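What would the 3D arrangement of this be:
(chains A, B, C and D)
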Number of protein chains: 2
Amino acid sequence: MSDTSHRRERLRERTLTEIKDLARAQLVASGPSGISLRAIARDMGMTAAALYRYVPALDALVIELCTDLHNEVRIACEAARDADPDPDPVRRLLVMARELRRWALEHRPEATLIFGPPLPGVEQFHQQCDDLQCAGAQLGQIFVAPLLELWQAGRLPRVPHVDLDRLAGALPAHGELPIEVTAVFLTSWIRLYGVLAAELFGQLTWAATDTEPLFEAELAFFAAQVPPTAAAAAAPSAATLNESRPQDRPEPASL
Amino acid sequence: MSDTSHRRERLRERTLTEIKDLARAQLVASGPSGISLRAIARDMGMTAAALYRYVPALDALVIELCTDLHNEVRIACEAARDADPDPDPVRRLLVMARELRRWALEHRPEATLIFGPPLPGVEQFHQQCDDLQCAGAQLGQIFVAPLLELWQAGRLPRVPHVDLDRLAGALPAHGELPIEVTAVFLTSWIRLYGVLAAELFGQLTWAATDTEPLFEAELAFFAAQVPPTAAAAAAPSAATLNESRPQDRPEPASL
DNA sequence: CAGCGAAAGTAAACACCGTTCACTCAAATG
DNA sequence: CATTTGAGTGAACGGTGTTTACTTTCGCTG
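Okay, the predicted model is just below:
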């Protein structure tokens, strides 16, 4: 019956999660390159070949681990956002960004895996990631949402230095987002990623031992860019709520 | 005689560079994890054990490769800087930053090795890197120099969102640099690193296919922050040339 | 309930990898 | 010339991913 076969499937899924749990334990213990099918099988009291009943290859296991971690950090950020009663989009962005950093520093090996360079063979993952369903995109998406709110409220920060026309030509097809929102998201996300990755990869050990002031400065800078709620109406150009607000972008400074 | 022994040393150094060249070729071909002593020995027509006469371990070889690459990209940036006649520090910074990006994108595997997370066993390298002699610090240093020039000219951008007191407590001992210069360098360096690393590690493949507009926007933003030369005297507070210019930092916005 | 068939697991093998040890051989040194 | 030093070899140990053929176990069905 389907009932008993469900049992089988449940058993199968149970061992599969056991595999992934052990893989994560190895990731934590020995870094991304420390994940080993043979060691997992050893810990499970099995043969390495048996794992191939559950996982097509080591790369695929790492890829699955990557998506799981992406989802985990996204859920953590969502939880932090929902735990804060303040509905202000800026506040939400800051809360989520701090949670992102907290999670990354508390799970350095995991964060290194998903934010670092793709391991050989895992590159296909990042390339197949260009649809919104991808876990990585979903993580970014929860930061896009508050920006969209800001845009709808006419409070989107200006990004006068971004060549919007050129950027628009470099976006994937699924760009139903206003180009200004995309530009603000990308610049802010990149800065968030930069301070996080630099800390995570020890790129600043020679220059600074504590990068939290730099992280907080990045957040403060972003927050300062957002016009306050009251100023939305005080803006000279009519910033209506739901209409596309054409950004007045000055001539790009010749460099 | 010392003459003949010098010949021996030269031979030794020649094979050592051959080893490193082959290691780099493997890095280019197969990524950081593709560097293999056995493959190097195979390419050289030798036994893997013979390589241990020249290199104590694989990790050490990778570390040496790292420092070589750090020096290479630094020299490339210096060359680009010196090729430009404009002595303006801002111009020099932009030229060097663009060269850094150009080098990284033209040598993606190498850039991934030095800008990505340290391989297990190579972490000690980044930790021993906290003295200025380190190649990584030297690379950063060539970006510090123009900032120091700007500071001396009273043109240093303000970083009102950085908690300078806390940052000062998180700096290594060798901080003979004014704290404002350090703050500007760190924030700018992190942003430069972020846009580069995000592109290098494919973190944005789902969001954008061409990140050059974002990179150029970061540069333009930095340049726009620097007060023009003429405005140095027009600044309200006396910005004398060589004196420490106490930065007027407003209350950090409560977030 | 017996038996069939699919799923799960095993053993062995292949081709790699880093590293070590004992050994040879040639070359530089005294 | 004898000797010491350095370079290189070959084999081995333990580790890795992956495949193949084989065996066992367990659920379903006749």
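
and residue A:104, what does it touch?
Contacts for residue A:104 (Cβ atoms under 8 Å, 6 or more residues apart in numbering or on different chains) come out as A:73, A:111, A:115, A:196, A:200. Just so you know, the C-beta spots here come from the backbone N, C-alpha and C atoms, and that holds for glycine as well.

Give me the secondary structure label for the residue of the stretch 101-250 of chain A found nearest DNA strand C.
Per Cβ to the nearest atom of the strand, residue A:120 is where the stretch 101-250 of chain A lies closest to DNA strand C, at 12.8 Å. Assigned with DSSP: H, G, I helix; E, B strand; the rest coil, residue A:120 falls in the coil class.

re the thing from before, from the contacts of residue A:104, which ones fall inside strands?
Among the contacts of residue A:104, no member falls in strands (DSSP state E).

Who are the packing partners of the helix or strand where residue A:10 lies?
For residue A:10, the host element (DSSP states H and E) is helix A:2-30. For helix A:2-30, the elements it packs on are helix A:37-44, helix A:58-83, helix A:108-115, judged by 3 or more Cβ pairs under 8 Å, 6 or more residues apart in numbering or on different chains; DSSP states H and E.

In the first one, which residues are buried?
Okay, so that is helix A:37-44. If you call a residue buried by 16 or more other Cβ atoms under 10 Å in any protein chain shown, then helix A:37-44 has these buried ones: A:37, A:39, A:40, A:41, A:43.

now, which of the contacts of residue A:104 lie close to DNA strand D?
Applying Cβ under 7 Å from any atom of the strand to these, one finds that nothing falls near DNA strand D.

Pick the one among these closest to residue B:228.
Residue B:228 lies nearest to residue A:196 out of the contacts of residue A:104, by Cβ to Cβ, at 33.1 Å.

my read: the closest one touches residue A:115, true?
Yes: using Cβ atoms under 8 Å, residue A:196 is in contact with residue A:115, at 6.9 Å.

quick one: the residue nearest to residue A:68 when sequence neighbours are not counted from DNA strand D, how far?
Once flanking residues are discounted, residue A:68 sits nearest to residue A:20: 6.7 Å by Cβ to Cβ, 6 or more residues apart in numbering or on different chains. The gap separating residue A:20 from DNA strand D is 14 Å, by Cβ to the nearest atom of the strand, to the nearest Å.

give the contact list for residue A:20.
Per Cβ under 8 Å, 6+ apart, neighbours of residue A:20: A:61, A:64, A:65, A:68.

could you redo the last one with a cut-off of 10 Å?
Taking Cβ atoms under 10 Å, 6 or more residues apart in numbering or on different chains as the criterion, residue A:20 is in contact with A:40, A:54, A:55, A:61, A:64, A:65, A:68.

What's the per-residue pLDDT of it here?
For residue A:20, the model assigns a pLDDT of 97.

Then the one 4 residues further on?
Reading off the per-residue confidence, residue A:24 sits at a pLDDT of 98.

So it versus DNA strand C, what's the distance?
Relative to DNA strand C, and taking Cβ to the nearest atom of the strand, residue A:24 is found at 19 Å.

Tell me if I'm right that that residue and residue A:43 touch.
No: Residue A:24 is beyond contact range of residue A:43, at 11.9 Å (criterion: Cβ atoms under 10 Å).

in chain A, which ranges drop under the pLDDT threshold?
A:1-5, A:7, A:121, A:123-133, A:173-175, A:230-255 (pLDDT under 70).

now the helices: where do they sit in the stretch 101-250 of chain A?
Using DSSP state H, counting those that start in this stretch, the helices found in the stretch 101-250 of chain A span residues A:108-115, A:123-127, A:135-152, A:164-168, A:179-200, A:212-225, A:231-234.

Tell me which of those helices is the most buried.
Ranked by mean neighbour count under mean count of other Cβ atoms under 10 Å in any protein chain shown, the helices of the stretch 101-250 of chain A are led by helix A:179-200, which reaches a mean of 23.

Dump it to CSV, keeping only the CA atoms.
C-alpha atoms of helix A:179-200 as CSV (Å, rounded to 0.1, in the frame of the first residue of the first chain):
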residue,chain,number,x,y,z
ILE,A,179,15.1,49.7,-12.0
GLU,A,180,15.7,52.2,-9.2
VAL,A,181,14.8,49.6,-6.6
THR,A,182,17.1,47.1,-8.3
ALA,A,183,19.9,49.6,-8.2
VAL,A,184,19.4,50.4,-4.6
PHE,A,185,19.2,46.8,-3.7
LEU,A,186,22.3,45.8,-5.6
THR,A,187,24.5,48.6,-4.3
SER,A,188,23.3,48.0,-0.7
TRP,A,189,23.5,44.3,-0.9
ILE,A,190,27.0,44.4,-2.3
ARG,A,191,28.1,46.6,0.5
LEU,A,192,26.6,44.4,3.0
TYR,A,193,28.2,41.4,1.4
GLY,A,194,31.5,43.1,1.3
VAL,A,195,31.8,43.9,4.9
LEU,A,196,30.6,40.5,5.8
ALA,A,197,32.8,38.6,3.4
ALA,A,198,35.8,40.6,4.3
GLU,A,199,35.3,39.7,7.9
LEU,A,200,34.4,36.1,7.1
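
Done for today, thanks.
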